[in-house]
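>>> Next one to model:
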Amino acid sequence: MGKINVAIIGVGNCASSLIQGVYYYKKAKETEFVPGLMHINLGGYHISDINFVAAIDIDKNKVGKDLAQAVFTYPNNTFKFCEVPATGVKIQRGMTHDGLGKYLSQIIQKASGSTADIVKILKETKTDVVINYLPVGSEEATKWYIEQVLAAGCGLVNCIPVFVARENYWQERFAEKGLPVIGDDIKSQVGATIVHRVLTRLFGDRGVRLERTYQLNFGGNTDFYNMLERERLESKKISKTNAVTSQLDYELEADNIHVGPSDYVPWLNDRKFCHIRMEGRTFGDVPLNLELKLEVWDSPNSAGVVIDALRCCKLGLDRGLKGALVAPCAYFMKSPPIQYTDDEARRMVEEFIVSGQQTGDSL
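As a prediction, this is how the structure comes out:
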């Protein structure tokens, strides 16, 4: 079915894991269960069909470098599990806006020179899908880049908690251009959000009333460092909280739920620790309490989901679908246009992959 030409905005740890993974799994056999992957072939596209054609960043240590070098350049600090050969893709100087917050500006210096012509780059490289990997809180920068994506005629996978796919305004803008969008805020394969959601649904399905819960996360990557700036954290907290409360059939008072990043521990690098506590009432109103600790390498944990999101977005382009693709959004993202249970969302995605025509596949 050809290649999927992909451009990346923000060459941090998440980009590093994604790019490593595409090379790591390029010979994955469709007849085998391969750890780390949900689909080896998705709608006719193998992982090896993902082709990186452009990359954009503002870090002076990355701009001008080959993508293969940039993904291992400080402050990137994720797990290195694959050598990446030279790609011939040079990192282009992007637009800053609010993409560089108070804390990141202490370790990242902007590259000299003016912003590259993003629309021209996307058109010349024949980019199919753009990934937004900007830092949390990059509201204005994300909106600016979306305008470039729309002008260039590309699909978008929005991996950060700036609300795009779930907002009517942006849904209409993408629909007007005949382009698909998948967002917002990527779920990991087995991360804090998906585990908390599944346990919340399990409580309800088994007749336990959840009364109080928290999810505390901390790690040592630039994402956690950036989120020390509490003002940049608002959309992330909304996204993660709604992902959990959407699994309840009743409202949980705001004081009884706390979900979000809590601190930055430099020596953890890209490792993330999650602590979940859930307090509920079961048979006879007897208390039931659960505590869980999860440790993951944060960026590789989301890369496999992004690989599927990219391929679903390309299927949307191939099939002429436009606006938010509801099924992929619901399964891959924390803040989709419509929340479903994860079982329902998975079923919808499998139907989408086969036909792309099921009810509710796009808005």
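>>> What mean pLDDT does stretch 131-142 get?
Averaged across stretch 131-142, pLDDT comes to 97.
>>> ditto for stretch 194-201
Averaged across stretch 194-201, the pLDDT comes to 97.
>>> One more: stretch 90-103?
In this model, stretch 90-103 has an average pLDDT of 96.
>>> buried set for that stretch?
Ile91, Gln92, Arg93, Gly94, Met95, Thr96, His97, Asp98, Gly99, Leu100, Gly101, Tyr103 (16 or more other Cβ atoms under 10 Å). Where you see a C-beta, it was placed from the backbone N, CA and C, and this is true even at glycine.
>>> Phe332 - nearest residue in space that isn't next to it in sequence?
Using Cβ to Cβ, 6 or more residues apart in numbering and skipping the chain neighbours, the partner closest in space to Phe332 is Ala309 (4.6 Å).
>>> Show me the shaky parts of the stretch 101-250 of the chain.
Applying pLDDT under 70 to the stretch 101-250 of the chain flags no residue at all.
>>> Show me the helices in it, by range?
Taking DSSP state H, counting those that start in this stretch, the helices of the stretch 101-250 of the chain run over residues 118-124, 139-152, 168-177, 192-205, 222-226, 234-245.
>>> who's in contact with stretch 147-157?
Stretch 147-157 is contacted from outside by 7, 118-119, 122-123, 127-132, 146, 164, 173-174, 177, 179-183, 306, 309-310, 313-314, 316-317, using Cβ atoms under 8 Å, 6 or more residues apart in numbering.
>>> Now the buried members of these.
For the contacts of stretch 147-157, buried by 16+ other Cβ under 10 Å: 7, 118-119, 122, 127-132, 146, 164, 173-174, 177, 179-183, 306, 309-310, 313-314, 316-317.
>>> In strands, which of the residues you listed appear?
Ala7, Val129, Val130, Ile131, Asn132, Pro180, Val181, Ile182 (DSSP state E).
>>> is it true that the last one touches Ala309?
What that stands for is Ile182. Yes. With contact defined as Cβ atoms under 8 Å, Ile182 reaches Ala309; the gap is 5.2 Å.
>>> residues contacting Ile145?
Not quite, residue 145 is Tyr, not Ile. Contacts of Tyr145 (Cβ under 8 Å, 6+ apart): Ile9, Gly94, Met95, Ile118, Val130, Asn132, Leu134.
>>> Could you report the distance from it to Pro300?
As judged by Cβ to Cβ, to the nearest Å, Tyr145 and Pro300 stand 25 Å apart.
>>> One more: Ser112?
32 Å.
>>> Same drill for these two, tell me which one is more crowded.
For Ser112 versus Pro300, the count of surrounding residues by other Cβ atoms under 10 Å is larger for Pro300: 23 against 8.
>>> got the contact list for that one?
Ser17, Gln20, Gly21, Gly36, Thr78, Phe79, Phe81.
>>> how does it look with 10 Å?
Residues in contact with Pro300 (Cβ atoms under 10 Å, 6 or more residues apart in numbering) are 13-14, 16-18, 20-21, 24, 36, 78-79, 81, 188-189, 270.
>>> which among these end up buried?
Neighbour-count burial (16+ other Cβ under 10 Å) applied to those gives 13-14, 16-18, 20-21, 24, 78-79, 188-189, 270.
>>> Identify those among those residues that sit within helices.
Using DSSP state H, the subset of those located in helices is Asn13, Cys14, Ser16, Ser17, Leu18, Gln20, Gly21, Tyr24.
>>> Please look at the first one and Ala70 and confirm they touch.
No. Taking Cβ atoms under 10 Å as the contact criterion, Asn13 and Ala70 are not neighbours in contact, 11.7 Å apart.
>>> and Ala54, that's in a strand?
Yes. Inclusion of Ala54 in a strand is indicated when DSSP: H, G, I helix; E, B strand; the rest coil is applied.
>>> tell me the pLDDT at it?
On the pLDDT scale, Ala54 gets 98.
>>> Switch the helices of the stretch 101-250 of the chain over to a markdown table; also include distance to Pro336.
Formatted as a markdown table, the helices of the stretch 101-250 of the chain follow (distance: least, Cβ to Cβ, whole Å):
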| stretch | distance to Pro336 |
| --- | --- |
| helix 118-124 | 25 |
| helix 139-152 | 17 |
| helix 168-177 | 11 |
| helix 192-205 | 12 |
| helix 222-226 | 21 |
| helix 234-245 | 9 |
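>>> Least confident of the contacts of Pro300?
Looking across these, the weakest pLDDT belongs to Gly36, with 91.
>>> and that residue, what element?
Assigned by DSSP states H and E, Gly36 belongs to neither a helix nor a strand.
>>> Could you find the closest non-adjacent residue to Phe262?
One correction, residue 262 is Ser, not Phe. That would be Leu216: by Cβ to Cβ, 6+ apart, it lies 4.6 Å from Ser262.
>>> Right, I'll call it a day here.
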